[in-house]
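Visitor: take a look and give me a structure for this.
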Amino acid sequence: KVCTFDCIYCECGFNAQRRPTQRRPSRQAVADALEAQRKRYARADEATRMRFELLRTAALFKAHRTPNDDRPMRAVAAYYERKGTALQQAWAYYHLGGIYADRGDAPEAINCYHKVLDLEKELYDQSKLMFFTYTRLTAIYSNQYKPQYVITTARKALAYAQQIRNVHYIGDCYETLANG
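Guide: Modelled structure (predicted):
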């Protein structure tokens, strides 16, 4: 798996400054390292705790682990609604939607993803986030056997995939549309 963002907590060392020099850690090793970091940040100011929780959740998803508890991300989303940028709000709701989607709570996941889409006009040059959001919605609608929504969201995902110019994303969208 290739990291999709510059993760300062990534144990494999992939970030903007260098390429990985170590093997990727196990999922459990990533979770343990993130938990140790969380304990260190527990006494930090609110803005730092919220930023850390957002990054921790993103890193857990990169390691294919869903956070057990949605309360920290709900707190992050509420904090960024009060004091954050549209981009911070969008990522908070995207990851909160991921928690609900992975739990099988489609209504809550859809609600979170629609909050990301509500911010779309304020999110300049965030094609990847929008692609991911439409892709997650497409998967949920597919599981609910709602072909009209699958086609609509897959087409929007395709438009963003074309902006990103990622052939794998584009191919995935066409495959979804063909099977939709």
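Visitor: secondary structure class for residue 155?
Guide: helix (DSSP: H, G, I helix; E, B strand; the rest coil).
Visitor: nearest spatial neighbour of it, skipping sequence neighbours?
Guide: residue 177 (7.1 Å; Cβ to Cβ, 6 or more residues apart in numbering). Any C-beta I mention is one placed from the backbone N, CA and C, and that applies to glycine too.
Visitor: could I get the buried residue list for the helix or strand where the one you found lies?
Guide: Here residue 177, judged by DSSP states H and E, is contained in helix 167-179. For helix 167-179, burial by neighbour count (16 or more other Cβ atoms under 10 Å) applies to 169, 170, 172, 173, 176.
Visitor: circling back: is it correct that the residue nearest to residue 155 is in contact with residue 156?
Guide: No: between residue 177 and residue 156 no contact is recorded; they are 11.3 Å apart, counting by Cβ atoms under 8 Å.
Visitor: leaving out sequence neighbours, find the closest residue to the spatially most central residue of the chain.
Guide: The centre of the chain sits closest to residue 95, judged by Cα atoms, centre = their mean, with a distance of 4.3 Å. In space, and not counting its chain neighbours, residue 95 is closest to residue 57: 4.7 Å by Cβ to Cβ, 6+ apart.
Visitor: quick one: the lowest-mean-pLDDT helix or strand in the chain to chain centroid distance?
Guide: In the chain, no helix or strand scores lower on mean pLDDT, DSSP states H and E than helix 27-41, which sits at a mean of 75. Averaging C-alpha positions (Cα atoms, centre = their mean, to the nearest Å) puts helix 27-41 19 Å from its chain's average.
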